[in-house]
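**Student:** One predicted model, sequence on top.
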Amino acid sequence: MSSSNATINPPTSLKLEDLLNSIENLPSIPETLIEILKVLDDPNSGAIDLAEVVRLDAPLMAKVLRLANSPYYSNKGGLSDINRCVAVLGYRTVRQVAICITVASTVINAVSHSNGQLDYREIWKHSVVTGAIAKHLATMVGYPDPEEIFTGGLLHDMGKFVLELHSPLEYGLVIEKRAQSGDLLMEEEIKFFGHSHASLGQAFGESWRFPELLVSCFGNHHNEMVGSPTSKVDHAVALVSLADYLANTMEPTRCDLGFDPKLVNPVQLHTNADIEVRFVEENLDQIRESVKLASAYLEIK
C-alpha cells in the first residue's frame, strides 16, 4: 500500500448490527453453510449427513476433495469420493474443511471485487499461517479437536475482510495511519469506525450462526487473558492468539496487517495457551513444516 497524504473523516458511529446491515457487498450466509451448521448442531447427525450436504454443492465438493488429497491432509491421495474422504480423514476434519472453504470462498470473492487498498491476499496468507500454527499447537498440548482450532485460526481476522467490504479506501488509510503512529490497529479502528476488526468479526460470526467457540476466536483473539485457560473456549482463543503472534514473528510481516511485536507480551500468550515457550521453540521446525503444507489453502477461490 503506497503512502498517501489523503485525509478521511470518520463516518457516523453505527451499532455493530447496523454496520453489518449497511454493507451492500457483504455476502449472505451460503445455503450450504447453513446445512453444514445444522449437521454440526444436530447430535443425531453424522458423517453420512455431512457427505450428503457436501455432495449437493459440486464446487464445494471439488475443493474439499482437492484439499483432502493435498499433503496437508493425506500422503496417499486418491480420495475421489466424499464418502471415502470422510472415512479416511474423519468426520471432524472434513466438517471443518467444508466450513473453511465455504466461508473463505464466499468472503474472499466478495473482497476481491471491493476495490480496496489492502492486499487481501496477504491477509489471507497470514490467516492460513495462523490456522496451521494454531492446529499444530493444539496437537502439541493435546487439545481434543485440533481441526476446530485450525478453523478458528484460519478465520480469526474475518473482521478485517468485513471492514474492507464496508469502507475499502478508508480502511486502507486507517491502517496506513496506524503504521505511522505505532498505535494498536484496534485503537485506530475504534477511533474511526467505532468498532475494531475483532468486534466486527464476532458480529459477523454471530450473524452467520457460527458456533460459540469460533465466534469467540473472532472477537477475543486480541484480548488480554490472565493465567491459564479455565474453559475449552478460553483455551481455543488462547491457542489462536498465540498462533497469531507466532505467524507474525515467523513470517515476513507487512504494515497493513497491523502487527507490532513491541505491543505484545509473548510470555503471557504462552501462559494463556498453557504451553511453555521452550516447548514451542523446540518444535519450530515441525511448525514451519505444517505451515508449508497448509499452503494448499492459499489456492481457494
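**Tutor:** Cool, got the structure.

**Student:** Any regions of the stretch 51-200 of the chain where pLDDT drops low?
**Tutor:** Counting by pLDDT under 70, the stretch 51-200 of the chain contains no low-confidence residues.

**Student:** could you redo the last one with a cut-off of 80?
**Tutor:** Applying pLDDT under 80 to the stretch 51-200 of the chain flags the ranges 75-77, 115-119, 182.

**Student:** Also the stretch 201-301 of the chain?
**Tutor:** Screening the stretch 201-301 of the chain residue by residue with the criterion pLDDT under 80, one finds the ranges 226-227, 251-263, 300-301.

**Student:** 70 - rerun?
**Tutor:** For the stretch 201-301 of the chain, residues meeting the criterion pLDDT under 70 lie at 251-258, 260-261, 301.

**Student:** wait, doesn't Lys160 sit right on Ile123?
**Tutor:** Yes - taking contact to mean CB atoms under 8 Å, the distance of 5.7 Å between Lys160 and Ile123 places them in contact. C-beta here means a position set from N, CA and C on the backbone, and glycine is covered the same way.

**Student:** Can you give the contact residues for stretch 198-208?
**Tutor:** 16-17, 19-20, 29, 33, 103, 155-160, 162-163, 186, 193, 195, 214-216, 218-223 (CB atoms under 8 Å, 6 or more residues apart in numbering).

**Student:** tell me the SS of Ser228?
**Tutor:** coil (DSSP: H, G, I helix; E, B strand; the rest coil).

**Student:** Looking at Lys160 and Ile123, which one has more neighbours?
**Tutor:** With other CB atoms under 10 Å as the criterion, Lys160 and Ile123 differ in neighbour count, and Lys160 comes out ahead with 28 against 19.

**Student:** Find the helix or strand that that one is a member of.
**Tutor:** Per DSSP states H and E, Lys160 falls inside helix 158-166.

**Student:** After that helix, which helix or strand is next?
**Tutor:** Downstream of helix 158-166, the first helix or strand assigned by DSSP H and E is helix 168-181.

**Student:** Could you pull up phi and psi at the closest residue in space to Pro266 that isn't next to it in sequence?
**Tutor:** With CB to CB, 6 or more residues apart in numbering as the measure, Tyr245 is the residue that lies nearest to Pro266, at 6.2 Å, once sequence neighbours are left out. Its backbone dihedrals place Tyr245 at phi -60, psi -50, with angles given as degrees, to the nearest 10.

**Student:** pretty sure Tyr245 is touching Val267, no?
**Tutor:** No - at 10.9 Å, Tyr245 does not count as touching Val267 under the criterion of CB under 8 Å.

**Student:** Between those two, tell me which one has more neighbours.
**Tutor:** Residue environment comparison for Tyr245 versus Val267 gives the larger neighbour count to Tyr245, 21 against 9, counting by other CB under 10 Å.

**Student:** From Val86, how far out is that one?
**Tutor:** Applying CB to CB, to the nearest Å, the value for Tyr245 to Val86 is 34 Å.

**Student:** Is Thr32 in contact with Leu60, as I believe?
**Tutor:** Yes - using CB under 8 Å, Thr32 makes contact with Leu60 at a distance of 5.8 Å.

**Student:** who are the neighbours in contact with Glu35?
**Tutor:** When contacts are counted by CB under 8 Å, 6+ apart, Glu35 is found next to Val53, Leu56.

**Student:** From Thr106, how far off is it?
**Tutor:** 14 Å.

**Student:** could you say what helices and strands the helix holding Lys160 packs with?
**Tutor:** Packed against helix 158-166 by the contact rule (3 or more CB pairs under 8 Å, 6 or more residues apart in numbering; DSSP states H and E) you find helix 16-22, helix 91-112, helix 120-140, helix 185-193, helix 197-207.

**Student:** Would you format these as CSV with distance to Leu67 included?
**Tutor:** Compiled in CSV, the helices and strands packed on helix 158-166 are given as follows (distance: least, CB to CB, whole Å):
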stretch, distance to Leu67
helix 16-22, 29
helix 91-112, 6
helix 120-140, 12
helix 185-193, 30
helix 197-207, 22
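
**Student:** Please report how far the most centrally placed residue in the chain lies from Ile123.
**Tutor:** Centroid-nearest residue in the chain: Leu155, 1.6 Å away (criterion: CA atoms, centre = their mean). Remark: distance between Leu155 and Ile123 (CB to CB) = 12 Å.

**Student:** same question, Val215
**Tutor:** Distance, Val215 to Ile123, using CB to CB: 20 Å.
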